[in-house]
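K.L.:
sequence unknown, structure follows:
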Ligand code: SAH
């Protein structure tokens, strides 16, 4: 990420930036055992990843272990939100924590959500989105994460902050959610979609638990939308993503256009999409710049080899954004009233 990307924005403290680095870096430890071929093809290719990926259980265990191990460190350095900030061009300088809150606000705005009664937080981290949105709308929230420690911490923080029984967090799989059909009027997935090995099942579960008239929101990493007549990504692009996938242990990616088709296939309407790759780019610049400070480098060295390996891959993420290959997208849709 070029240093010019940082101009006009407040950098967080070194430890905070390193915290963000650590989240991405630590993903390495869960994503190291195999390379995954990136597919950019038609909808059908999104239907079969469970079989092509093979050891989905390994992926789940890896993700759970990673968040069990890293979440306390992340919280100490960055606070309760484990997602990118939103930094629109020309906006006044703001802190990264404010930018993370702005990401939630902008997401709700684009999705047209002005109220909610019952929310589900799919891939909830330590519950930051649930607490913020519950304060805003007075809604309840049920959060699921693969990490038992995250679920426990999310419950403890929410109790401490006086939410009582309004917010409940548990271990659960987004691909087989422990909830009744139609249980929630706001279905929220903030930066968990990139972990999902079966995007079709993921979206179908989001749609299933959504109540008629409710809203489904996914904010996630995607690859670029393919041009007309393009059967897939170019070889050089595949090679870049292969290196990232190998280091970060990510399953197959898809484009926002693929997500749109999956939303449509579930009968969701009023579909909105956004490409916020520009708006999040200062965040990556800050992470890389801070990881390269003496404090950042010392922290990386202390953390160990898998962390260093992840840091070495960060410039490839920045390169992917620069080349227009990697995108940061929002997709939202509404379930029809019955
Ligand atoms: N949405 C939160 C946390 C994002 S970190 C925030 O914005 O702060 C990614 C989260 O996705 C983690 O909590 C991780 O446990 C969760 N996750 C990944 N795969 C999952 C799955 N299959 N089922 C449920 N949660 C999952």
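P.N.:
Right, received. Where do you want to start? Worth saying up front: this structure is predicted, and the values here are computed from it rather than measured. Numbers count the residues shown, from 1 in each chain.
K.L.:
Quick check: which ranges of the stretch 151-300 of the chain have low pLDDT?
P.N.:
Where the stretch 151-300 of the chain drops to pLDDT under 70, the residues are 246-248, 287-288, 291, 293, 295-300.
K.L.:
which bits of it sit near the ligand?
P.N.:
Neighbours of the ligand within the stretch 151-300 of the chain, by C-beta under 6 Å from any ligand atom: 173, 174, 175, 190, 191, 192, 195, 196. Every residue, glycine included, has its C-beta placed from N, CA and C.
K.L.:
any idea of the pLDDT on residue 335?
P.N.:
The score at residue 335 is 98. That number is its pLDDT.
K.L.:
What is the neighbour count of it?
P.N.:
As a burial measure, residue 335 scores 24 neighbours (other C-beta atoms under 10 Å).
K.L.:
Run through the bridge partners of the nearest residue to it once chain neighbours are set aside.
P.N.:
Nearest residue to residue 335 in three dimensions, chain neighbours excluded: residue 210, at 4.6 Å (C-beta to C-beta, 6 or more residues apart in numbering). Beta-bridge pairing for residue 210 (DSSP bridges): residue 184.
K.L.:
what's the distance between residue 210 and residue 118?
P.N.:
According to C-beta to C-beta, to the nearest Å, residue 210 stands 10 Å off from residue 118.
K.L.:
The two: who's more crowded?
P.N.:
More crowded of residue 210 and residue 118, by other C-beta under 10 Å: residue 210, with 24 against 16.
K.L.:
List the residues that contact the more buried one.
P.N.:
Shown in contact with residue 210 (C-beta atoms under 8 Å, 6 or more residues apart in numbering): 182, 184, 185, 187, 216, 335.
K.L.:
which two in the residues you listed are spaced the farthest apart?
P.N.:
Maximum pairwise distance in the contacts of residue 210, criterion C-beta to C-beta, is 12.1 Å, between 182 and 216.
K.L.:
Among these two, which residue is more densely surrounded?
P.N.:
residue 216 (26 against 16).
K.L.:
I'd say the more buried one and residue 208 touch.
P.N.:
No: in this structure, residue 216 is not within contact of residue 208 by C-beta atoms under 8 Å, at 10.0 Å.
K.L.:
Which strand or helix spans residue 57?
P.N.:
Element membership for residue 57 (DSSP states H and E) is helix 56-78.
K.L.:
buried set for stretch 264-282?
P.N.:
266, 268, 272, 273, 274, 276, 277, 279, 280, 281, 282 (16 or more other C-beta atoms under 10 Å).
K.L.:
Tell me which entries of the residues you listed lie within strands.
P.N.:
Among those, the ones falling in strands (DSSP state E) are 272, 273, 274.
K.L.:
nearest to the ligand, of those?
P.N.:
residue 274 (16.6 Å; C-beta to the nearest ligand atom).
K.L.:
Excluding covalently adjacent residues, which one is nearest to the closest one?
P.N.:
residue 330 (4.2 Å).
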